[in-house]
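Colleague: Sequence plus the predicted model coming up.
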Amino acid sequence: MRFCIHTFGCQMNVADSDWLGQSLTAMGWEASPEEQADVFIINTCSVREKPELKVYSLIGRLAEFIALNPRAFVAVGGCVAQQVGTKFWQRFASVRLVFGSDGLAEVPEALVRLAREPGLRLSLLSFREEFVERARPGTTAAVPPQAFVTIMQGCDNFCAYCIVPYVRGRQKSRAIEAVLAECRELIIRGARELTLLGQNVNAYGQDLNGAGVGFASLLRRVAALPGLDRLRFITSHPKDIDPEVIAAFGQLPNLCPQLHLPLQSGSDAILASMGRKYDRARYLEVVAGLRSARPDLALSTDFIVGFPGETEADFEQTLAMMREVGFSASFSFKYNDRPGVRAANMEPKVPEAVKTERLSRLQALQDELAAADRAARVGNEAEVLFEGMSRKPGASGASYSGRDPWGRTVNVAGGEGNDLTGLLARVRIDKVKKHSLTGTLLGVPW
C-alpha cells in the first residue's frame with residue numbers, strides 16, 4: 001500500500017505524522033505522492049477555523065485521485081476528526097477512518113484492516129485517562145538533526161477561547177522512562193537537537209497519572225543525555241512555569257536560550273476574561289526571572305487580537321507590552337469563535353474590520369522588533385546547526401540553512417563542496433535579510 005500524509009497545525013501534529021509515517025514504512029507500506037497514493041492521511045487542526053476549512057477543501061480536491069483508484073480511501077485524524085467525528089462519513093464517502101490523538105497508536109493496524117476490508121469504516125475517538133504509548137517503529141534509519149519528542153498531550157486549563165481540552169482531552173503525561181528511551185534512541189540515530197512537546201509542558205507530571213516527576217526534573221535528565229548538543233521545549237503556560245525551569249536556562253549549557261511564552265493579550269481585563277490566570281505583572285515577573293537567569297534569552301509569544309470585549313485601550317496595552325518585553329517573534333491571529341468554548345457566547349464581538357486593522361498594526365510592530373533583533377546580530381558569531389540546503393542558492397553556488405541557539409535562521413555558502421546537513425559550525429553574521437541572517441563559516445564544522 002502507498003500512503004500520503006497531509007499535516008495541518010502545531011508541531012505536535014507534525015511529530016504525530018512523523019511517527020505514523022515511520023510506522024507504516026516499517027510495516028512495508030510506501031510513502032508516495034498524491035497521484036500514486038492508495039491511502040490519504042490528513043492530520044488536522046481546529047484551533048482556528050481556517051485550518052478546519054482547509055481540510056474539507058483538501059478532501060474535495062483528493063476526489064480526483066480517489067475516482068481513479070478503486071481501493072483508495074481517506075483517514076482523517078487530529079483535532080478536527082475529534083470535533084466532527086463520524087459526521088465525516090455522512091459528508092465524504094471516501095473517508096473510512098476518523099481518529100483522535102488518543103487513538104493514534106491504533107492507526108497503523110486500523111489502516112491495515114481497512115485495506116483488507118473495503119466496506120469497513122472505523123472510528124478511534126475515545127479519550128483515555130492515561131497517555132497511550134506508541135510502539136517505536138523499530139528502525140535504525142537516520143533522523144534529521146532536529147527531532148521532536150512528545151512528553152504529554154491534552155490540557156486542563158480550559159481557557160475561554162481554546163478548543164484544545166475538548167479535542168485533545170485532559171492533560172496526560174508520558175512516563176519519564178518512556179520519554180528518556182525515545183530521546184536516547186533519537187540521539188543514536190543522529191539527532192543533535194531535541195524539542196520536548198506538549199500543550200503545556202510546564203504542567204508535566206502534575207496530572208492524576210503523573211509519576212510525581214515534574215518538568216524541571218525531566219528537563220535536567222534529558223539535558224544530561226550523552227551526545228545531545230541542544231535542547232528546547234514548547235509550549236509553556238506563564239502561570240505554570242517553575243522557578244527551577246527558569247533557573248535551568250542559566251544552568252544547563254545545552255538548553256537553548258529561546259522560549260515560547262504565550263501572552264495572548266497585554267490587558268489585564270482581557271486576560272481575566274480569557275481565563276488565563278495571570279496578569280501583566282506576573283508575566284513581566286516571569287520575564288525578569290528568565291532574563292536574570294539568561295540575559296540573552298530570545299522570547300517569542302502568541303497573540304489573539306479582537307477577543308470579545310477588547311477595546312482600543314486594551315489593544316494599546318498589548319502593543320505596550322510588546323515593546324516592554326521586546327519579543328523576537330510572535331504568532332498572531334484574529335479571534336474567531338470555536339464550537340463549545342466559553343468565548344463563543346461572550347459579547348460584545350469585535351467587528352471584523354477592527355480585528356483586521358488591529359492585527360495589521362500588531363504585526364507591523366512585531367516586524368520592527370524582529371528586524372531590530374536580527375540587526376543586532378551583525379558582526380557577532382553564533383553556533384549554527386545546519387538543517388539542509390537553503391531554499392535559494394547563494395551567490396557563489398550551494399547555500400546551507402540552519403538555526404542559531406536563539407532560533408534564528410542563518411544561511412551560509414556551502415563548505416567548499418561538503419554537505420553541512422547535521423553539522424554544527426561557528427558562523428560570523430554578515431548580513432540581515434527580511435526573515436533570516438546570512439553569515440560566513442569560521443573554521444571546520446563538526
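Modeller: Perfect, I can see it now.

Colleague: My guess is D156 contacts Q171. True?
Modeller: Yes: between D156 and Q171 there is a contact under CB atoms under 8 Å: 4.6 Å. No exception for glycine: its C-beta is placed from N, CA and C like everyone else's.

Colleague: Quote the end-to-end distance of stretch 216-232.
Modeller: 13 Å (CA to CA, to the nearest Å).

Colleague: Compute the number of surrounding residues for the nearest residue to V164 once chain neighbours are set aside.
Modeller: Ranked by CB to CB, 6 or more residues apart in numbering and with sequence neighbours excluded, the top spatial neighbour of V164 is C155, at 5.0 Å. Here the number of neighbours of C155 (other CB atoms under 10 Å) works out to 22.

Colleague: Shouldn't C155 be within a strand?
Modeller: No: counting by DSSP: H, G, I helix; E, B strand; the rest coil, C155 is not part of a strand but coil.

Colleague: which one of D156 and Q171 has more residues nearby?
Modeller: Set side by side, D156 and Q171 show more neighbours around Q171, with 24 against 15, by other CB under 10 Å.

Colleague: residues contacting that one?
Modeller: 152-156, 199-200, 203, 206-207 (CB atoms under 8 Å, 6 or more residues apart in numbering).

Colleague: Serialize these to a markdown table and add fields for pLDDT.
Modeller: Shown next, in a markdown table, are the contacts of Q171 (pLDDT from 0 to 100):
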| residue | pLDDT |
| --- | --- |
| M152 | 94 |
| Q153 | 92 |
| G154 | 93 |
| C155 | 94 |
| D156 | 94 |
| Q199 | 94 |
| N200 | 95 |
| A203 | 94 |
| Q206 | 89 |
| D207 | 86 |
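
Colleague: Can you name the two of those that sit furthest apart?
Modeller: Using CB to CB, these span at most 13.9 Å, a distance reached by Q153 and Q206.

Colleague: More neighbours: those two, which one.
Modeller: Set Q153 next to Q206 and count neighbours by other CB under 10 Å: Q153 wins out with 24 against 16.

Colleague: from what I can see the more buried one touches S101, true?
Modeller: Yes: shown here, Q153 and S101 form a contact pair, counting by CB under 8 Å, at 5.6 Å.

Colleague: any residues in contact with both of the two?
Modeller: 12, 168-169.

Colleague: Could I get the contacting residues of L362?
Modeller: Counting by CB under 8 Å, 6+ apart, L362 touches 303, 305, 315, 318-319, 322, 332.

Colleague: Apply 6 Å and report the result again.
Modeller: Contacts for L362 (CB atoms under 6 Å, 6 or more residues apart in numbering) come out as 305, 332.

Colleague: how deep is the residue nearest to A344 when sequence neighbours are not counted tucked in, by neighbour count?
Modeller: Nearest residue to A344, sequence neighbours excluded (CB to CB, 6+ apart): D337, at 4.2 Å. For D337, the count of nearby residues is 15 (other CB under 10 Å).

Colleague: where are the low-confidence patches of the protein?
Modeller: The chain contains residues with pLDDT under 70 at 393-397, 414-417.

Colleague: any idea how far the residue nearest to V164 is from Y166?
Modeller: In this view, C155 and Y166 are 10 Å apart by CB to CB, to the nearest Å.

Colleague: Could you do V378 as well?
Modeller: Taking CB to CB as the measure, V378 and Y166 are separated by 46 Å.

Colleague: and these two? which has more neighbours close in?
Modeller: Between V378 and Y166, Y166 has the larger neighbour count (other CB under 10 Å), namely 18 against 14.

Colleague: give me phi/psi at the more buried one?
Modeller: Backbone torsions for Y166, taken as degrees, to the nearest 10, come to phi -80, psi -20.

Colleague: Give me the three-state assignment for the spatially closest residue to it that is not a sequence neighbour.
Modeller: Counting by CB to CB, 6+ apart, G340 is the residue found nearest to Y166 once chain neighbours are left out, at 5.4 Å. At G340 the chain is in coil, as set by three-state DSSP.

Colleague: and what of P70?
Modeller: Under three-state DSSP, P70 comes out as coil.

Colleague: Quick check on it: phi, psi?
Modeller: Main-chain dihedrals, P70, degrees, to the nearest 10: phi -60, psi -30.

Colleague: Repeat that for G100.
Modeller: Per degrees, to the nearest 10, the backbone of G100 is at phi -90, psi -180.

Colleague: what's the closest non-adjacent residue to it?
Modeller: Closest to G100 by CB to CB, 6+ apart is Q82, at 3.8 Å.

Colleague: just checking, the one you found touches P165?
Modeller: No: counting by CB atoms under 6 Å, P165 is not a contact partner of Q82; they are 11.0 Å apart.

Colleague: Pull out the buried residues from the shared contacts of Q153 and S101.
Modeller: Neighbour-count burial (16 or more other CB atoms under 10 Å) applied to the shared contacts of Q153 and S101 gives 12, 168-169.

Colleague: and the nearest residue to T235 once chain neighbours are set aside, how many residues sit next to it?
Modeller: Counting by CB to CB, 6+ apart, H260 is the residue found nearest to T235 once chain neighbours are left out, at 5.7 Å. Applying other CB under 10 Å, we find 19 residues neighbouring H260.

Colleague: I figured H260 hits I234, correct?
Modeller: Yes: between H260 and I234 there is a contact under CB under 6 Å: 5.1 Å.

Colleague: Now S217: which helix or strand?
Modeller: helix 215-223 (DSSP states H and E).

Colleague: mind checking the SS state of S332?
Modeller: strand.

Colleague: what's near enough to touch it?
Modeller: Here S332 is in contact with 303, 362-363 (CB under 6 Å, 6+ apart).

Colleague: ok, 7 Å please
Modeller: Neighbouring residues of S332 by CB atoms under 7 Å, 6 or more residues apart in numbering: 303, 305, 359, 362-363.

Colleague: Most neighbours of all those, which one?
Modeller: That'd be F303 among the contacts of S332, by other CB under 10 Å, with 26 neighbours.
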